[in-house]
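Asks: turn this into a model:
(one chain, ligands or ions: 1)
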Amino acid sequence: MAFENTLAFAQQLDQQDILKSFRSRFHFPQRNGKDAVYFTGNSLGLQPKNVKDGVLQALAEWETLAVGGYFGGSHPWMDYHLEVAPTLAKLMGAKEHEVVAMNQLTINIHLLFASFYKPTATRYKIICEAKAFPSDQYALETQVQLHGLKAEDVIIEIAPKPGEQIIHTKDIVELIQQHGESVAVVFIGGVNYYTGQFFDLQAITAAAHSVGAYAGYDLAHAAGNVNLQLHNWEVDFAAWCTYKYLNSGPGAIGGVYVHEQFATDPAFPRLAGWWGYDKATRFLMDKGFKAIPTVEGWQMSISPLLSMAIHKASLQLFEEAGIDNLHAKREKMSAFLHFILADINNSLPEKIIEVITPANEAERGCQVSIHMLRDGKKVFDALMAEGVVADWREPNVIRLAPVPLYNTYEEVWVFGNIIRQITATLF
Ligand SMILES: *Cc1c(COP(=O)(O)O)cnc(C)c1O
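Replies: Down below sits the predicted model:
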């Protein structure tokens, strides 16, 4: 569609937006006496207003039912995790018995590596992206050490080519083929937290399988953002956090996906706890672990009720909005932002903004990362002063994530207008 860089045009897009009413269902931080332009949903999603009632309801059940809440009440806590599975399955493109909300992200990466990383003398390498999120780096490095191996012998990192910002799928596939049967696991962030690049998970998974390796993904920046089809892509395992695009609060419960060929196999190796034990006989408290024949068999401890209550309330909004509608609005809003940035560059005597997120719609989600070719900090400080909440990464990158549930086209225009005004004074 043909965009225009005007307030009236942005407002017109908002009027036509079938999801416009969802904005009023979130709490916004205040800046200069009004709602902030909150473009940091990729870091910590805003609080949905229905969360408070969800938590109060959970507290009331604990208050009145006490231990009876595990089996009684309107949402027995025994199976509280099953209440979020249908929406998680839709968001992940998975079957319900392939997804479970449990623990937190880094812990879940460790648990999944305990299951899927089984190095032998000939198959032991892990392929991942260079400069992965630090927690992922530490998880892989220490997993390797637990097996008595050295990270430098085992972890193969793929970086962008010199002078480039993104990693080409072709290069990842070639690297996997080059290391062939020495590769045990390919583990990549589905959407890179820095550049916003959404990798071709289907192609990478196929390449991993072609050499007999497993393919797993950290979906921290993908969950609730991009269109995922984990089951059909035959992804083996994945984990994500829920406080970013899934708006479930700081330190919220994480989630895990395990493909059904492993999830339904109680003999598949894992680290176990009683909450993953066969439900019919769990309370016989017998010796010898018997896994639930679904991904629930990876659960260890009782679900944290309050975190689950928040997660459930938040996911309710994704159900109401419709996941396809959210994808459609995300694509359009992101295209509008790319258009506005290009328009600003074109209006200046020299290019000042380099968008490092891929231009190709299939290779990105909400996030747009911009590399400021000069005066980055000045531009960022002006944005913050005007009430835009964005994210600054050294040395010169601003990350923005307009999200379809609560951001508007007008906010995208306002953001661009601030940049246009400040950059005009730089020449
Ligand atoms: C946000 C994020 C994390 C954070 O891990 P926690 O265990 O939730 O603290 C890890 N990895 C990636 C890629 C992230 O984006």
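Asks: I156 is in contact with A130, correct?
Replies: No: A130 lies out of contact with I156 (Cβ atoms under 8 Å); the separation is 9.7 Å. In this view, the C-beta of every residue, glycine as well, is placed from N, C-alpha and C.
Asks: those two: who's more crowded?
Replies: Taking other Cβ atoms under 10 Å, A130 and I156 do not tie; I156 has more neighbours (17 against 12).
Asks: the more buried one and G190, how far apart?
Replies: Counting by Cβ to Cβ, to the nearest Å, the gap from I156 to G190 is 19 Å.
Asks: equivalent analysis for L140, please.
Replies: 16 Å.
Asks: one more: I167?
Replies: Taking Cβ to Cβ, one finds I167 at 13 Å from G190.
Asks: so for these two, which residues contact both of them?
Replies: With contacts taken as Cβ atoms under 8 Å, 6 or more residues apart in numbering, I167 and G190 have F199 as neighbours in common.
Asks: please say which of the two ends up with more neighbours.
Replies: G190 (25 against 20).
Asks: hang on, A101 packs against S303?
Replies: Yes: judged on Cβ under 8 Å, A101 makes contact with S303 at a distance of 7.3 Å.
Asks: hey, what's in contact with both of these two?
Replies: 81, 253.
Asks: between the two, which one's more packed in?
Replies: The neighbour comparison of A101 against S303 (other Cβ under 10 Å) goes to A101, with 28 against 22.
Asks: for that one, give me the pLDDT.
Replies: In this model, A101 is scored at 98, pLDDT.
Asks: in a helix, that's where H179 is, yeah?
Replies: Yes: according to DSSP: H, G, I helix; E, B strand; the rest coil, H179 belongs to a helix.
Asks: the closest residue to K377 other than its chain neighbours bridge partners, please.
Replies: Excluding its sequence neighbours, the residue lying closest to K377 (Cβ to Cβ, 6 or more residues apart in numbering) is W392, at 7.5 Å. W392 has these beta-bridge partners by DSSP bridges: I398.
Asks: who's in contact with W392?
Replies: Contacts of W392 (Cβ under 8 Å, 6+ apart): 376-377, 380, 398-399.
Asks: now do the end-to-end distance for stretch 15-22.
Replies: Distance across stretch 15-22, first residue to last, is 13 Å (Cα to Cα, to the nearest Å).
Asks: can you point out the buried residues in it?
Replies: Using 16 or more other Cβ atoms under 10 Å as the test for burial, stretch 15-22 gives 17, 19, 22.
Asks: and those residues, which of them are in helices?
Replies: Residues of these located in helices (DSSP state H): none.
Asks: between those, which is closest to the ligand?
Replies: Of all the buried residues of stretch 15-22, the ligand sits closest to F22, with 23.6 Å by Cβ to the nearest ligand atom.
Asks: name the nearest residue to the closest one, ignoring sequence neighbours.
Replies: Excluding the flanking residues, the one nearest F22 by Cβ to Cβ, 6+ apart is L405, at 5.2 Å.
Asks: was I right about that neighbour contacting K20?
Replies: No: between L405 and K20 there is no contact, the gap being 10.7 Å when judged by Cβ under 8 Å.
Asks: bridging across strands, which residues link to K34?
Replies: Assessed by DSSP bridges, K34 has beta-bridge partners R31.
Asks: can you give me the strands for the stretch 251-400 of the chain?
Replies: Defined through DSSP state E, counting those that start in this stretch, the strands belonging to the stretch 251-400 of the chain, from first to last, are 255-258, 353-355, 368-372, 388-389, 391-393, 397-400.
Asks: repeat that for the stretch 101-250 of the chain.
Replies: Going by DSSP E, counting those that start in this stretch, the stretch 101-250 of the chain shows strands at 125-129, 155-158, 183-189, 214-218, 237-240.
Asks: between those strands, which gets nearest to V388?
Replies: strand 183-189 (25.5 Å; Cβ to Cβ).
Asks: which residue does the stretch 301-427 of the chain bring closest to the ligand?
Replies: Q367 (10.9 Å).
Asks: quick check: that residue touching A220?
Replies: No: assessed by Cβ under 8 Å, Q367 is found out of contact with A220, at 11.7 Å.
Asks: I am finished for the moment; much appreciated.
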